[in-house]
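**Student:** please find the sequence and the predicted model below.
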Amino acid sequence: MPLFCTVNTKKSPGGRSMRTPKIAKIEIESFNWTIQGMVHKRAYHYDPDNSLTFQASGIKITADNGVVGEYAGWRTSPQGVAGIAEGYIGQNPWDRERFYQKAKSSAAMAVYDIALWDLAGKMTGQPIHALIGTYRTEVPAYASTVDGAVKGPLSTPESFADFAEQCLEMGYRGFKMHPMAWPDVQTHVDAILAIGNRVGGKMDMMVDPYCLYPTFADALKVGRACDEAGFYWLEDPYSDGGVTPFSHTKLREMIRTPLLQGEQVTSIAERMNLILQKATDFARADLGRHGITGSLKLAHAAETVGIDIEPHRSGPAELQFLGAVKNANYYEMVWVHPNLFNTEPPVYKNQNITGLDAIDAKGMIAIPQSPGLGIEFDWDYITKNSTGRIVVGE
């Protein structure tokens with residue numbers, strides 16, 4: 001037997017040693033941005049006479065090989081994210097499944113999960129969708145409105161129909177109404193029928209009342225209006241909180257329009273249970289709550305029973321997820337309005353992935369192809385508008 005052996009010094013595509021890396025440092029920085037024309041009442045409404053300041057955060061996870069995983073624009077509590085940072089220091093950044101299993105439904109875990117997927121992509125020189133297994137490189141988007149308006153555009157049923165036509169002309173293939181919290185359910189019915197009269201048969205139409213309607217009877221009335229107008233889905237219709245399998249199963253039996261449920265329940269197991277209880281026709285993925293790791297589990301579970309999954313909200317993680325998942329139809333271009341082209345944090349430098357004008361003429365948005373999330377985050381903007389910074393590790 002030889003006294004000495006040869007050590008394998010293979011290198012990664014980036015030229016670094018293939019030895020097991022460790023997480024060395026975690027940096028969390030929060031920042032503010034202000035949107036003119038928004039107000040928060042029951043939800044987020046357009047109001048030209050007001051402005052609203054939002055807070056979001058960014059995270060950098062530095063491995064001891066010098067590679068940095070990044071994710072910015074998330075709205076989870078930065079204190080909560082910082083509170084579990086010590087549990088990641090010194091750990092192998094490839095152990096995403098182990099981290100996920102420790103805190104399956106923690107929004108703080110989701111932040112780390114997404115940043116660690118970005119880190120893995122950068123260490124291998126691949127976008128996240130390629131690490132998972134690429135299915136597509138572009139995806140159609142639907143315009144998802146703000147929650148109505150105090151006055152002006154989106155304050156009336158006909159103005160929603162006007163905006164649906166505008167989005168159709170821009171190339172959008174789908175349009176989702178988040179209605180104003182009108183007290184009379186008939187106004188909601190009128191808005192659904194107005195949209196159907198304008199763009200029915202030309203684009204997919206959805207409505208998300210965000211658990212607004214007080215009774216099952218109200219939800220049924222709205223569901224039957226969706227049937228008449230030919231809507232693609234009805235989402236979280238009434239005030240049970242979107243969590244009751246029995247009543248939504250009953251609603252499915254009484255209307256033809258598919259239901260999309262799941263956003264309001266915590267775990268992916270509960271979301272899958274809604275499918276198995278026949279309480280929903282679509283699954284809802286929430287990258288901000290379950291990360292990429294958990295959302296992929298739900299997508300694959302749903303696929304085994306022939307159910308599509310639709311990711312919630314806009315962002316680079318959602319796009320990478322869609323690039324690797326077959327049983328999904330749309331990217332949600334969230335909180336759009338005729339006078340508010342972008343309500344998301346302005347931190348994406350190299351590609352427009354949020355805002356009304358982010359699609360091409362075919363209504364598609366390209367999935368970023370650079371390593372990791374594929375996005376260059378604007379840390380200069382984040383630092384300039386910083387409200388606090390936390391560093392854990394070296």
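**Tutor:** It's in. Being a predicted model, the structure only gives us computed values, none of them experimental.
**Student:** residue ranges of the strands in the stretch 251-394 of the chain, please?
**Tutor:** For the stretch 251-394 of the chain, strands defined by DSSP state E, counting those that start in this stretch occupy the ranges 259-260, 282-285, 308-311, 331-336, 364-366, 386-393.
**Student:** how about JSON lines for the ones you listed, with mean neighbour count, mean pLDDT and distance to A56 added?
**Tutor:** The way it works is simple: take the backbone N, C-alpha and C, and place the C-beta from them, glycine included. Below are the strands of the stretch 251-394 of the chain laid out as JSON lines (neighbours: other C-beta atoms under 10 Å; pLDDT from 0 to 100; distance: least, C-beta to C-beta, whole Å):
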{"stretch": "strand 259-260", "mean neighbour count": "26", "mean pLDDT": "98", "distance to A56": "26"}
{"stretch": "strand 282-285", "mean neighbour count": "26", "mean pLDDT": "98", "distance to A56": "20"}
{"stretch": "strand 308-311", "mean neighbour count": "23", "mean pLDDT": "98", "distance to A56": "18"}
{"stretch": "strand 331-336", "mean neighbour count": "26", "mean pLDDT": "97", "distance to A56": "13"}
{"stretch": "strand 364-366", "mean neighbour count": "19", "mean pLDDT": "98", "distance to A56": "21"}
{"stretch": "strand 386-393", "mean neighbour count": "15", "mean pLDDT": "98", "distance to A56": "10"}
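**Student:** export these to TSV and append columns for distance to H178.
**Tutor:** What follows is these, written out as TSV (distance: least, C-beta to C-beta, whole Å):
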stretch	distance to H178
strand 259-260	13
strand 282-285	15
strand 308-311	15
strand 331-336	8
strand 364-366	20
strand 386-393	28
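**Student:** ok, which of those strands comes nearest V207?
**Tutor:** V207 lies closest to strand 259-260 among the strands of the stretch 251-394 of the chain, at 10.0 Å (C-beta to C-beta).
**Student:** which residues are contacting that closest one?
**Tutor:** Around strand 259-260, the neighbours that count as contacts under C-beta atoms under 8 Å, 6 or more residues apart in numbering are 206, 208, 233-237, 248, 251-252, 279-282, 284, 310.
**Student:** swap the cut-off to 6 Å and go again
**Tutor:** 233-235, 252, 280-282 (C-beta atoms under 6 Å, 6 or more residues apart in numbering).
**Student:** show me how far that strand is from its chain's centre.
**Tutor:** Centre-to-centre, strand 259-260 and its host chain are 17 Å apart (C-alpha atoms, centre = their mean, to the nearest Å).
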